[in-house]
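Colleague: Below is the sequence, then the predicted model.
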Amino acid sequence: MPDAARLARRMGRILAETYPEADTELAHTSPLELLVATVLSAQSTDERVNSVTPALFARYPDAAAYAAADRAELESLIQTVGLYRSKAASIQGLAQALCDRHGGEVPTTLEELVALPGVGRKTANVVLGNAFGVPGIAVDTHVGRLARRFGWTEESAPEKVEEDLMQLFPPSEWTDLSHRMILHGRRVCHARKPACDACPLASLCPSSTLPPATSATRSAPPREEARS
Ligand code: SF4
């Protein structure tokens, strides 16, 4: 195994020990609910999404119900998550496509999921990993930022980041790795002020402000500027 992969695996193990509970924080009881919640989570917080979904899921129990929904009522139920007009349109378009192409069910392959309107690789991988147990690396703003700080990728395009991480880790780790990186990004490795002095990865991370501890840190890239 190349040194870079070995170092990445060590960092991955520390993340696993630090966040053993890592899981999606979007409340859901079915693939459709997770799909809708993931659409709603764009540029919002999981907490905010979770505050609207109980009433939403009760009102619209299946894809046909979303497709037939009164748009104004749907918008009013998701208003507090932000971008509610475009999200309501996305959910209805998505639901209609599920009814037209998949009998109202959420498909179980990446290819079918990304062919749905408004569904990108990140959303598809969230659904695959968390609703169907199919490994996938969902690259959101946290995963992209941390992967670059960790030295796991130099790419900025999410699909390229995803490819690089897939090379470093076995499929069995992909879904949990995404969750752990998101938690680490939220709790420690913040976009603007990463808490390196409190970070369990500091001795291995090439972006740490701590003194270098390994040969890998000596070839560290400069710290990435905050983007979010
Ligand atoms: S050492 Fe700093 S930059 Fe590296 S993962 Fe930890 S908080 Fe982020």
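Modeller: Happy to help now that I have it.
Colleague: Around the ligand, which positions in this protein sit nearby?
Modeller: Arg149, Val188, Cys189, Pro194, Ala195, Cys196, Cys199, Leu201, Ala202, Cys205, Ser207, Ser208 (C-beta under 6 Å from any ligand atom). All C-beta spots, glycine's among them, are computed from the backbone N, C-alpha and C.
Colleague: The last one reaches Pro200, doesn't it?
Modeller: No - contact between Ser208 and Pro200 fails when scored by C-beta atoms under 8 Å: they sit 10.9 Å apart.
Colleague: who's more crowded, these two?
Modeller: Ser208 (20 against 15; other C-beta atoms under 10 Å).
Colleague: Can you report how many residues neighbour the closest residue to that one other than its chain neighbours?
Modeller: In this structure, Ser208 finds its nearest non-sequential neighbour in Ala202, 4.4 Å apart by C-beta to C-beta, 6 or more residues apart in numbering. When neighbours are defined as other C-beta under 10 Å, Ala202 has 19 of them.
Colleague: Assign a three-state SS to Ala202, would you?
Modeller: coil (DSSP: H, G, I helix; E, B strand; the rest coil).
Colleague: ok, now how distant is it from Cys196?
Modeller: Here Ala202 is placed at a distance of 5 Å from Cys196 (C-beta to C-beta, to the nearest Å).
Colleague: do Leu165 as well
Modeller: When Leu165 is compared with Cys196 (using C-beta to C-beta), they lie 22 Å apart.
Colleague: more crowded one of these two?
Modeller: Leu165 (25 against 17).
Colleague: separation between the residue nearest to Ser208 and Asn50?
Modeller: 32 Å.
Colleague: Kindly report the same for Ala95.
Modeller: Counting by C-beta to C-beta - Ala95 and Asn50 are separated by 20 Å.
Colleague: now do His28
Modeller: 9 Å.
Colleague: Same question for Pro206.
Modeller: Taking C-beta to C-beta, one finds Pro206 at 35 Å from Asn50.
Colleague: same thing with Val127?
Modeller: 17 Å.
Colleague: can you check Pro20 too?
Modeller: Distance of Pro20 to Asn50, computed by C-beta to C-beta: 22 Å.
Colleague: just Val81 next, same as before
Modeller: Taken as C-beta to C-beta, the span from Val81 to Asn50 is 10 Å.
Colleague: Now do the contacts for Glu112.
Modeller: Arg101, His102 (C-beta atoms under 8 Å, 6 or more residues apart in numbering).
Colleague: picking that back up, scan the residues of the chain next to the ligand and report the most crowded one.
Modeller: Cys205 (26 neighbours).
Colleague: just to revisit the earlier point, which of Pro20 and Asn50 has more neighbours?
Modeller: Shown here are Pro20 and Asn50; by other C-beta under 10 Å, Asn50 has more neighbours (17 against 9).
Colleague: Any stretches of this protein with poor pLDDT?
Modeller: Within the chain, the stretches with pLDDT under 70 are 1, 210-228.
Colleague: Leaving out the residues flanking it, which one is nearest to the residue nearest the centre of it?
Modeller: What sits nearest the mean C-alpha location of the chain, by C-alpha atoms, centre = their mean, is Ala138, with 4.2 Å. Spatially, and ignoring its direct neighbours in sequence, Ala138 is nearest to Asn125 (4.1 Å; C-beta to C-beta, 6+ apart).
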